[in-house]
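**Q** From the sequence below, what's the structure:
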Amino acid sequence: MLSFDVITLFPEIIEQACSLGVIGKAIGAGTLELRTHQLRDWSGGSIHPLDDSPYGGGPGMVMRPEPVYAAVEAVEAKHGTMRKLLLTPQGARFRQATARRLSREARILIFCGRYEGVDERVRPLFDEEISIGDYVLTGGETAALVLIDAIGRLVPGVVGRAESLDSESFSEPLLEYPHYTRPEEFRGMRVPPVLLSGHHAEIERWRRERAIERTRERRPDLLRRQEPDEG
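**A** Modelled structure (predicted):
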């Protein structure tokens, strides 16, 4: 079982989204565990409980370090040592290999930032800083859901047919091959004959060729990158 602990100002966003679909079923079955924690519980009663204006001036507000440290340390003290993740646009790009590696953890803590960002001094508290892409969100909750979904579905027992994970896009540096189902013909578009042939070796060869072709057309950067897998 893999446990997720999410520290956030909006736990209802996480809870509602994770109550649905494959992840919701896995949580209900006990294959995954989800706990959310309201950051305001560690605000300490300050006049600026969670955020304050940045030193040196500038727009926006910055999350203060005291509540972040208090929350993370309290959650870890109660539930045990965790792999602690800070969601930030400055983090390492989240990839399928990262999801695969993290799916082997027993407990993961995700901190969702808000406002202009977090005080620089919180960074040593975390094991990793992760970004889901080169854009800015209003808060880390959406990114946390991406991580929970991508990581959680790789935990054994979450997805019904585990072998289906092996051929998905980004399981290797390729997009997934095209899929077809009934009817055999739809508005003049026919299923490729090889998929109806029953010849499994030919089908696998066709799928591999189409995956390479599609990747070359749509995401040639994946073929160029060939980054080492994180394991």
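**Q** How about residue 144, nearest residue that isn't a chain neighbour?
**A** residue 110 (4.8 Å; Cβ to Cβ, 6 or more residues apart in numbering). C-beta coordinates here come from the backbone N, C-alpha and C atoms, glycine included.
**Q** List the residues that contact the one you found.
**A** 4, 5, 6, 7, 85, 87, 140, 144, 147, 148 (Cβ atoms under 8 Å, 6 or more residues apart in numbering).
**Q** let's see 10 Å
**A** 4-8, 14, 36, 82-87, 126, 130, 140-141, 143-145, 147-148, 151 (Cβ atoms under 10 Å, 6 or more residues apart in numbering).
**Q** Okay, buried residues for the lengthiest strand in the chain please.
**A** Looking across the chain with DSSP state E, the single longest strand is strand 83-93. Using 16 or more other Cβ atoms under 10 Å as the test for burial, strand 83-93 gives 83, 84, 85, 86, 87, 88, 91.
**Q** Show me which of those is closest to residue 62.
**A** residue 88 (12.6 Å; Cβ to Cβ).
**Q** Might one say that that closest one is in contact with residue 129?
**A** Yes - here residue 88 reaches residue 129: they are 5.1 Å apart, a contact under Cβ atoms under 10 Å.
**Q** what's the overlap in contacts for these two?
**A** 111, 123.
**Q** What's the mean pLDDT across the longest helix seen in the chain?
**A** Ranked by residue count under DSSP state H, the longest helix found in the chain is helix 200-218. Averaged across helix 200-218, the pLDDT comes to 95.
**Q** Next: stretch 143-152.
**A** Mean predicted lDDT for stretch 143-152 stands at 98.
**Q** In that stretch, which residues are buried?
**A** Buried, per 16+ other Cβ under 10 Å, within stretch 143-152: 143, 144, 145, 146, 147, 148, 150, 151, 152.
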